[in-house]
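Participant: Dropping the sequence and predicted coords here.
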Amino acid sequence: MAKRIDVSGLSAFYGAHKAIDDISMTVEPRSVTAFIGPSGCGKSTFLRTLNRMHEVTPGGRVEGKVLLDDENLYGPGVDPVSVRRTVGMVFQRPNPFPTMSIYENVAAGLRLNGTRVRKSELDAVVEKSLQGANLWKEVKDRLDKPGAGLSGGQQQRLCIARAIAVEPQVLLMDEPCSALDPISTLAIEDLIGELKERFTIVIVTHNMQQAARVSDRTAFFNLAGVGQPGRLVEIDETARIFSNPSVQATEDYISGRFG
Amino acid sequence: MDITSATASPPPAPGAGPSPARQQGRAATRAGDRVFLALSRGSGILLLVIMAAIAVFLTVRAANALSQDHGNFFTAFEWNANANPPVFGIAVLAFGTIVSSLIAMAIAVPVAIGIALFITHYAPRKLATPLSYVIDLLAAVPSIVYGLWGALFLVPHLGGLYSWFNDYLGWTGILAYHDGAARSLFTIGILLAIMILPIVTSVSREVFRQAPRMHEEAALALGATRWEVIRLSVLPFGRSGVISASMLGLGRALGETMAVATVLSPSFTISTSLLDPGGGTFAQNIASSFKESGELGKDALIASGLVLFVLTLLVNGAARMIIARRKEYSA
Ligand SMILES: Nc1ncnc2c1ncn2[C@@H]1O[C@H](COP(=O)(O)OP(=O)(O)OP(=O)(O)O)[C@@H](O)[C@H]1O
Ligand SMILES: [Mg+2]
């Protein structure tokens, strides 16, 4: 199930603009890794290089290597479509397909690439995924209602259910709670705690408490200067980053003495 | 003069809070608002009056024609208002109008969707921009030019295709072809398809272009291929827009006059084969027979025009129903 991610010498560009420079890190399987750092330092960009979503932006280009266990995602002949099936993603704004019912939203990924799934099998996966996303109890009586009719927090959990339904190895989350109220945020944080038993999870967050609460390891990104690409400053055990980081800039950022 | 000085008068003192008139929910009292209100209300009423006048005129004349019709207006295969007694019926016209428009839709809509998707989601920008231009340009060609092109180019060149249809699909009856000039309903359908292609394409293109990036990314992140992204996020989003676009095209096809009149060799018969020459449409019949018609003949043509109008209304109503039924889902 869960796989290790090994990034080495990774840079990403938007056209001629280098957004992140020479990042290397290891993300442990069955753990939660949090990315923190000031706005614009390239957290989202880096996250999107991990499932080859970066290259769908016009001008998007990547240099370097990302190994998933032993397979280089950027190796020759690797199909980005299959990479994205293995490395799932949850976005900042909940984005269920508006024309689909709750059921169809969860089933959407399973029906892709010409896969034929029997109805009974599909029912089982939909239920399991909604249960995995802690949403089953709330929606089991209205699976055929539009997904867009749910609350923001429910929609985000629906998106998580949709992402885990295809059984990815890794789950990337880009500020999944930033559009949500504190209660829904807690619900998703609890969910992340459960999901890490099965998946490798990477989460971008601007909320320090959230990083401290949910993650096992934390990576701090920063800009070297105005107009410079973002860099990885350090990555370490979350407890250590928040109590005794090895780089001064990290401590400044976490304690709010920054910029 | 009065108006300008009144509009230029200073607004109520700032910080005075909402004006009393606003609080009581009464109509706005400023001169500019009053003028605008009067203007918009006036033009609204004028529009209604004009519409009502047209409707009354048409209905009265159509009723006059119908009262003197000695055939069945809906089923007679004949259009002879000068005969004694006068006989005219719209069966052939209704058949020809509906069939040629349906053929046009069947050809144009899938092609238009394909072109629109290609422009918005497949073509590199260098190709997409000129292609959009060319398509928009096609919409600016006058319909008589399409008619001339249809008569001088399409008709002589379609015979071969129709013989081929006849060889393989002639047994269906619908696609049988017995030589002769290809001035048939099917040719009209093809011509109409080309004519409505630009409008359907450009409206669909705008709709597809507005498909939210966020849903396309959602599909991509699930491991969707490019076609699946379109199927999951672009097509559902564009569905009602494409229906509206098709209805615009259908409206044009149903009412197209000059091109049809130039190409079709009209006859008051319904042939089982769509490839054989003959038939007619409402608009074409009006254009072809208006000049030679006497007073009653003109009224009869007006009656047929009213039927076309009702047909168009029905089509639009149906489209609205289709769009409304899925509204719940198109957040
Ligand atoms: N589509 C794009 N085209 C061009 N440049 C972009 C694009 N998206 C991001 N950038 C640039 O890349 C850099 C990194 O952006 P990114 O969105 O990865 O930052 P971030 O760390 O996620 O910020 P935030 O915390 O605000 O989400 C920024 O300088 C930004 O201007
Ligand atoms: Mg970001």
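Facilitator: Okay, I see it. Ligands and ions are numbered 1, 2, ... in the order given.

Participant: And for residue A:96, nearest residue in space, chain neighbours not counted?
Facilitator: Closest residue in space to residue A:96, ignoring its immediate chain neighbours: residue A:147 at 3.6 Å, by Cβ to Cβ, 6 or more residues apart in numbering or on different chains. Quick note: C-beta positions are derived from backbone N, CA and C, even for glycine.

Participant: Now for that neighbour, how many residues are close by?
Facilitator: Counted with other Cβ atoms under 10 Å in any protein chain shown, residues neighbouring residue A:147 total 29.

Participant: now do residue B:296
Facilitator: Using other Cβ under 10 Å: residue B:296 sits among 17 other residues.

Participant: That one falls within a strand, correct?
Facilitator: No - if the criterion is DSSP: H, G, I helix; E, B strand; the rest coil, then residue B:296 is helix and not within a strand.

Participant: about what we covered before: the residue nearest to residue A:96 reaches residue A:107, doesn't it?
Facilitator: No - proximity of residue A:147 to residue A:107 does not meet the contact threshold set by Cβ atoms under 8 Å, at 11.2 Å.

Participant: Could you pull up the residues touching the residue nearest to residue A:96?
Facilitator: Contacts for residue A:147 (Cβ atoms under 8 Å, 6 or more residues apart in numbering or on different chains) come out as A:96, A:97, A:98, A:100, A:101, A:102, A:104, A:105, A:155, A:158.

Participant: quick one: the second one from chain B, how far?
Facilitator: To chain B, residue A:97 is 6 Å away according to Cβ to the nearest Cβ, to the nearest Å.

Participant: Where does that residue sit: helix, strand or coil?
Facilitator: Reduced to three states with three-state DSSP, the structure at residue A:97 is coil.

Participant: What backbone torsions are found at the residue in the stretch 51-200 of chain B that chain A sits nearest to?
Facilitator: Taking Cβ to the nearest Cβ as the measure, the stretch 51-200 of chain B has residue B:125 as its residue closest to chain A, at 8.8 Å. Main-chain torsions, residue B:125, degrees, to the nearest 10: phi -60, psi -40.

Participant: Now for it: which residues touch it?
Facilitator: If a contact means Cβ under 8 Å, 6+ apart, then residue B:125 has no contacts.

Participant: Give me the most central residue, chain A.
Facilitator: In chain A, the centroid-proximal residue (Cα atoms, centre = their mean) is residue A:172; its distance is 1.6 Å.

Participant: Any idea how many residues pack against residue A:138?
Facilitator: For residue A:138, the count of nearby residues is 16 (other Cβ under 10 Å).

Participant: what does residue A:255 give?
Facilitator: Neighbours around residue A:255, by other Cβ under 10 Å: 11.

Participant: Show the pLDDT at it.
Facilitator: You'll see residue A:255 listed with a pLDDT of 87.

Participant: try residue B:16
Facilitator: 45.

Participant: I'd say residue A:171 and residue A:88 touch.
Facilitator: Yes - with contact defined as Cβ under 8 Å, residue A:171 counts as touching residue A:88 (5.0 Å).

Participant: Quick check: neighbours shared by these two?
Facilitator: Shared contacts of residue A:171 and residue A:88, defined by Cβ under 8 Å, 6+ apart, comprise A:163, A:164.

Participant: and residue B:178, helix, strand or coil?
Facilitator: Using three-state DSSP, the structure places residue B:178 in coil.

Participant: Tell me the spacing between the nearest residue to it once chain neighbours are set aside and residue B:45.
Facilitator: Excluding the flanking residues, the one nearest residue B:178 by Cβ to Cβ, 6+ apart is residue B:276, at 6.0 Å. When distance is defined by Cβ to Cβ, to the nearest Å, residue B:276 is 51 Å away from residue B:45.

Participant: what about the two, which has more around it?
Facilitator: Higher neighbour count among residue B:276 and residue B:45: residue B:276, with 21 against 10, using other Cβ under 10 Å.

Participant: residues in contact with residue A:221?
Facilitator: Taking Cβ under 8 Å, 6+ apart, we find residue A:221 in contact with A:20, A:35, A:36, A:37, A:41, A:42, A:43, A:46, A:230, A:231, A:232, A:233.

Participant: Then residue B:76?
Facilitator: When contacts are counted by Cβ under 8 Å, 6+ apart, residue B:76 touches B:87, B:88, B:89, B:91.

Participant: mind listing which of those are in strands?
Facilitator: Counting by DSSP state E, the part of the contacts of residue B:76 found in strands is B:87, B:88.

Participant: if we take the contacts of residue B:76, which one ends up nearest to residue B:241?
Facilitator: Checking these against residue B:241 with Cβ to Cβ, the nearest one is residue B:91 at 35.0 Å.
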